[in-house]
Structure formats: C-alpha cells, structure tokens
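1. Got a predicted model here, sequence first, then my questions.
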Amino acid sequence: MLGRESGQTGLAEVYLWSGKTTPLVEPGSFYDRFAKIRPELLRDEDFAHWYVEGKGRPSVPPSRVAGAYLMALREGCSDREAEQRMRFDLRWKWALNLGLDDNGCDHTTICLFRGRLLAHEEEGKLFKDLVKRAVAAGLLPKRALQVMDSSPMLGAAAVQDTYKLIRTALHKVVKAHEKDLSEELRPRLKRYLKTGKPDIDWDDAGARKQELNQLVRDAELALTELPEGEEGPTAQASRELLERVARQDVEPDGDGGVKIRKGVAPDRVVSTVDPEMRHGRKSSAGRWDGSKKHVSVEPKSELITAVEITPANAPDGPVALELLEQQAEAGLAPAEVVADMQYASGELRAQAAAQGEGTIMVTKAPTRGDTGYLGKAEFQVDLEACTVTCPAGEVARFPRFRPGHSTEAVFAAATCAACPLVSWCVQKPGKGRTINIHAHEDQLQAARERRSRADFDVLFRQRPTVERKQAHWNRRGGARSRYFGQEKTRLQAFWSAAMVNLERLMVLGGALSALTIPQGQPA
C-alpha cells in the first residue's frame, strides 16, 4: 500500500529548532532550495501505480526515497551511507523534511526503489519530466541550438585477463550443472566448483601455456558434455558467455594447442561479472573499460536535454537519433546540432534532416587523408546537372543522382592522358580519373556549404559547453557506474543527469517556475 508523507507537524520538526539568527541550514543553500522544490518535483501520487491500494502496510513514502537517492548521487555516497546521513545529518533532514526523531529509510528500501523503477521501465521518467517542465516554462526554446558529445563512464567490475575470464565463466557453468556431473566429468571439472587462482608458476611461460590449453579444453568439454535440456535463462546465459570468452582471445598455435591471439578481438567481453562492459577509446592512448554516456545540452541555459548509455565501443553517430527522439518527446525540435566528426556521416545528416521538423548537423565535413594526388574536393560536383568538372576544366557525366544510391563519374582515359595534371591526378597509367558520388552527396555538400558560412566558427565555439556540463555530470554520479549491467547504469545516468539539471535550475533562479506542473497536465 502506498505510504504518503504526513502533513501533521510535531515538536521534532527540524524547522522548529532552527533559529533565525543561527539557522541549522544556510538560507539559499542547495539543501534549503531542495527542500522547497522537492514537494513539487517528487510526489507520492506519481508512484501510486506501484502499489495495491488497501493491501499491506503503508510503504515508506516513495517521494522521500527518491529524494534520498538523488542526494546520494549528488554527494557520491552509497545506500548505506545515505541511510546514515538521513539519521544524523541535519542538512539531509532539512532537505527531506525529516523530523529529528525520524530515521528516514533503510538502505535496502533505496535498492528496492531502483528495482521498481526498472520493473516499471521508468528509469528515465524523472529526467524526461524535468525537461518537459523546462520546455513548458520557456527555459528551453523548441528550436534552440543543441550540442552533442559522448564521454566515458567507467564500469563497476574489474577487468579480467583471458585466464580469469575463462575460469570464472567455467565456474558459472559447472556450478549450475553440479548435480549433472557424471563420474567421468567430475574429476576433470571439479576444480571449477570453487573460485580462486590456480597454483602454478605464473612466471613460467610453459606453465601459463599449459594452463591456457587446459582451460580451453575444459571449456569445450563442458559445452559439449553438460546437458542443455532444461536450462533456465541464467544457466543459458552462462553457457553463451563461456562459449564466447573461451574463443575470443585464443588461436591455434600450430602444434595442436592454442595460444593468446595478438591484438584485441572485436566487441571483446572484458569481465564475467559484468559481461556488458567493453573496451572504449577516445584516442590510441586513452582507453577505458565500461560504458559510454551520450548527452545533448542546450548551450544558453546549459540544461541537459537528452541522455543515453551504450557499450564503450559503440559509435557515437547513430545515438544522435535516439537523443533527438528524446528531445522530440519533450517538445524540442532543434534547428541545428553542433557536434564533432563522429556525427559527420552523410547518412546521419539525412536521417536527422528527415526526422521531425528537420535538424541540421553542424560538424566539420569528413575528408580523406592526403594520398599525394588531387582529392575529390578539387573537383566540382553538380548534382542537378549530373556533371563533375576537374581542375583542368574537363567535364564527366554520371547517372541521375538519387539520395541513398551511390554512383560514379569516369573521365575518358584519352582526356586524362593529354592533361598536364595527369601525374598528380591519375594513379593508374592508361586509365581515366574516377570520382565517386556518395549515396548522400547532397548532405555532404550541404555540410561543406555550412562550413563556409561566417557563423560556423561562432557555433563551433559552443562545444566547450557540453564538455563543461560533462564535468559537472561526472561530479554528480556520471563518472563511474555504481552497478553491473547496462540497464542499471542507464538508470543511474538518468537520475544523476536529473540532479545536474536541478542544480542548474537553482543557479538560473527559475527552478520553481520550471518545476510547476501546468494545470490540466499530468506530472
């Protein structure tokens, strides 16, 4: 049954013990402002559908638990520490409207609250509602410029080497089938019923190779001999994990065994504790392990308007459409989006322009590396006339351009052979120069035209806004995942982003008006 905050006051109320000359909480501080905003932002009625009316004991008011979780993210404390702060920290009591004799809630209640958010698929509801209210209050103009970028979010699990990956994956599978181990299999696989590092000389290359080969052979044995019949989803996931990690890092050594493969396998699993973690890179030297968080920010208000979480190795570009969809749900349709080269593909530009009221991706146009020959940029491509003009003034034609379909223009070999620029233009002697017409050549031309405008550099100087906001987000729970799995990490990202927006609204001074629920609209 839903529990609600009581409006009844008592002698233990914190505000009754706060003097005017020496207040317990500084007026205008975060805690003071949060105490004023919280009743409007978090209401027990918004969570009523989680409970069956009239059955069971009243729950801890979910609005209070939600407030505690937001503050825990803000201050980087665990659920247990949040429980302690609700008991002993007067600032928390003030912010959450707790009496001096009110202990708030148990740490397990915060955990159950997150579980219910996930069960009802409402992990992003608070953040999205906050953006909708900011739009309704006029703090976020519908067609305002947006800035997009991504940044690392470190995983909560430790990265494991190949030996640890295979051994722990074997442990999961063998443990799930312990009762199915036959007399023949038990002596071979019983070592995996327990966890722990094998007792070998790890400084001996031969011993390491022998252990690797035994792990791979035992993994193949477990996969082929242990029954698959009535496996539950957890056991089946463990089997699929073992099949993957047993093969991703090894290759035949030529002597009937295996060895560690050089390089990193594509989409490599890095942990059996959190199999959704991945290697990510911002540069050749800057690697991290975990997830990647994507964000869109309106640079004038510096409010986050959309958030998404992907594996660390996922490309940035396709996620832009998901961010635009989130903004559309909130009533936003940005006229332009400033982003880096990860968002510069012609396909993405076409999809963004076709979505909603049309959005222009403002990025630097992609270019090819210097090959020593004249590049495509030196040629004039006329899509309407279906012609390509080379630097020497020669013209080649191509079939009618259709967006989404690539084609090419080929100059006559004799024409190129007589041209004084042939040695700088044609790589294969006796052939004519070929210019590929991209499937989204129209979008790439539009990008180059946008790049030539005088205001391009002014717009591009807005990019540091999103980097500054990412730093703010990292201080409020966006730097590292507290949980295992993309689903829970995504929940954390949405709620920490909501806290970042709350703090920004407090700075803007428009928080109360932004959080007011318009008449006749649901929260």
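-> All right, it came through fine.

2. how far away is residue 489 from residue 92?
-> 25 Å (Cβ to Cβ, to the nearest Å). C-betas here are computed from N, CA, C, even on glycine.

3. what does residue 185 give?
-> Distance from residue 185 to residue 92, by Cβ to Cβ: 55 Å.

4. between the two, which one's more packed in?
-> residue 92 (24 against 17; other Cβ atoms under 10 Å).

5. now the helices for the stretch 401-523 of the chain?
-> 413-417, 422-425, 441-451, 456-460, 463-473, 486-508, 511-514 (DSSP state H, counting those that start in this stretch).

6. so which of those gets nearest residue 291?
-> Checking the helices of the stretch 401-523 of the chain against residue 291 by Cβ to Cβ gives helix 486-508 as the closest, at 5.4 Å.

7. pLDDT of the closest one, averaged?
-> Here helix 486-508 scores 94 as its mean pLDDT.

8. swap in stretch 282-297?
-> 89.

9. How far away from the center of its chain is it?
-> With Cα atoms, centre = their mean, to the nearest Å as the basis, stretch 282-297 stands 9 Å off its chain's centre.

10. So which bits of it are buried?
-> By 16 or more other Cβ atoms under 10 Å, the buried positions in stretch 282-297 come out as 288, 289, 290, 291, 292, 293, 294, 295, 296, 297.

11. Contact partners for the third one?
-> It stands for residue 290. 152, 153, 154, 155, 156, 277, 278, 280, 312, 480, 481 (Cβ atoms under 8 Å, 6 or more residues apart in numbering).

12. which residues of the stretch 1-150 of the chain fall in strands?
-> 146-154 (DSSP state E, counting those that start in this stretch).

13. which residues in it form helices?
-> 30-41, 62-75, 79-88, 90-96, 107-119, 125-136.

14. quick one: which of these is nearest residue 418?
-> Proximity to residue 418 (Cβ to Cβ) singles out helix 125-136 among the helices of the stretch 1-150 of the chain, at 62.3 Å.

15. could I get the closest one in CSV with only the CA atoms?
-> Extracted C-alpha coordinates of helix 125-136, given in CSV (Å, rounded to 0.1, in the frame of the first residue of the first chain):
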residue,chain,number,x,y,z
LYS,A,125,10.8,9.3,-16.2
LEU,A,126,12.0,11.9,-13.7
PHE,A,127,14.7,13.3,-16.1
LYS,A,128,12.3,13.5,-19.0
ASP,A,129,9.5,15.1,-17.0
LEU,A,130,12.0,17.7,-15.8
VAL,A,131,13.0,18.5,-19.4
LYS,A,132,9.3,18.8,-20.3
ARG,A,133,8.6,21.2,-17.5
ALA,A,134,11.6,23.3,-18.5
VAL,A,135,10.2,23.4,-22.1
ALA,A,136,6.7,24.4,-20.8
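
16. Report how many residues lie close to the closest residue to residue 50 other than its chain neighbours.
-> Leaving aside its chain neighbours, residue 50 sits nearest to residue 116 (5.4 Å; criterion: Cβ to Cβ, 6 or more residues apart in numbering). When counting by other Cβ under 10 Å, one arrives at 14 neighbours for residue 116.
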